[in-house]
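[1] let me see the structure of the following:
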Amino acid sequence: AADKINLIPQDFFAELCEQIIQHLNHKIPGVNTAELCQRIQTSGIEINIGDLAKIANVISFLFSTAARNNLSTEELAAALGNAVSALPKHALQVIRHVWKEQGKSISLPGDARNMATVGQFVDIEWKLGVAMSSDTCRSLKYPYVTVTLKVAEPSGQITDRSFEMAIPQFKNFLKQFKEMAAVLETV
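    Numbers count the residues shown, from 1 in each chain. From the prediction side, this is the model:
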């Protein structure tokens, strides 16, 4: 991951670190690596989302470990200086600065078993479509609903999950949501 961090400009790397701190503080549901990756690529830097996600996981692990061990800025800088000589100087400066400004605000659960093991819902998008024809059928006129769920994984990465439903499936989906809403009203 260190060689890929070298590719990321300092301002984008700082934004990534700040989003990770916000995620660890439960202020945002996750780090939107897809959006950040697109912006980095638009600026002319060649990096793929998988590499950016690995970098985000490494930095998240670094910050959460530093928080768990209650490290000061100097202790974190010393540990990074001794152990991670492969990190670029600008990355070390950003990590040190972000930790100094926001690191002490990280609140980690005392018991690792309390951590979420499922994703957290972020957003939903949907669209109605009609399949007009296919290579085996000239006139389908088959309506369907495409749903895309944005989910913050326990690691903090925001991922999209898409699926299509025929109208009867969608009606069943809607019925189940209404049942959930009715149960929630009783709580």
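[2] and the helix or strand hosting A182, what's its mean pLDDT?
    Using DSSP states H and E, the secondary-structure element containing A182 is helix 167-186. Mean per-residue pLDDT for helix 167-186: 87.
[3] tell me what it is packed against?
    The criterion is 3 or more CB pairs under 8 Å, 6 or more residues apart in numbering; DSSP states H and E, and the helices and strands that helix 167-186 contacts are strand 142-152. (Each C-beta comes from the backbone N, C-alpha and C, glycine too.)
[4] change it to 10 Å
    For helix 167-186, the helices and strands in contact under the criterion 3 or more CB pairs under 10 Å, 6 or more residues apart in numbering; DSSP states H and E are strand 120-131, strand 142-152, strand 158-166.
[5] which helices and strands sit right next to the second one?
    Other elements packing on strand 142-152 under the criterion 3+ CB pairs under 10 Å, 6+ apart are strand 120-131, strand 158-166, helix 167-186.
[6] who's in contact with the first one?
    By CB atoms under 10 Å, 6 or more residues apart in numbering, the residues outside strand 120-131 that reach it are 26, 28-30, 32, 137, 140-154, 156, 158-160, 162, 164-165, 167, 170.
[7] send me it as PDB with only the CA atoms.
    Once side chains and other backbone atoms are set aside, the C-alpha atoms of strand 120-131 remain, and they are given as PDB (Å, rounded to 0.1, in the frame of the first residue of the first chain):
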ATOM      1  CA  GLN A 120     -25.000   0.200   7.800                       C
ATOM      2  CA  PHE A 121     -27.600   1.600   5.400                       C
ATOM      3  CA  VAL A 122     -26.500   4.900   3.800                       C
ATOM      4  CA  ASP A 123     -28.800   5.600   0.800                       C
ATOM      5  CA  ILE A 124     -31.200   4.000  -1.700                       C
ATOM      6  CA  GLU A 125     -31.700   4.800  -5.400                       C
ATOM      7  CA  TRP A 126     -34.200   3.200  -7.600                       C
ATOM      8  CA  LYS A 127     -35.400   3.400 -11.200                       C
ATOM      9  CA  LEU A 128     -38.300   1.900 -13.200                       C
ATOM     10  CA  GLY A 129     -37.400   0.400 -16.500                       C
ATOM     11  CA  VAL A 130     -39.100  -1.500 -19.300                       C
ATOM     12  CA  ALA A 131     -37.400  -4.300 -21.200                       C
END
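[8] quick one: strands adjacent to that strand?
    Taking DSSP bridges as the criterion, strand 120-131 sits next to strand 142-152 (antiparallel) in its sheet.
[9] for the residue in the chain sticking out farthest from the centre, helix, strand, or coil?
    Largest separation from the mean C-alpha position in the chain: R138, at 41.8 Å (CA atoms, centre = their mean). Classification of R138 using DSSP: H, G, I helix; E, B strand; the rest coil returns coil.
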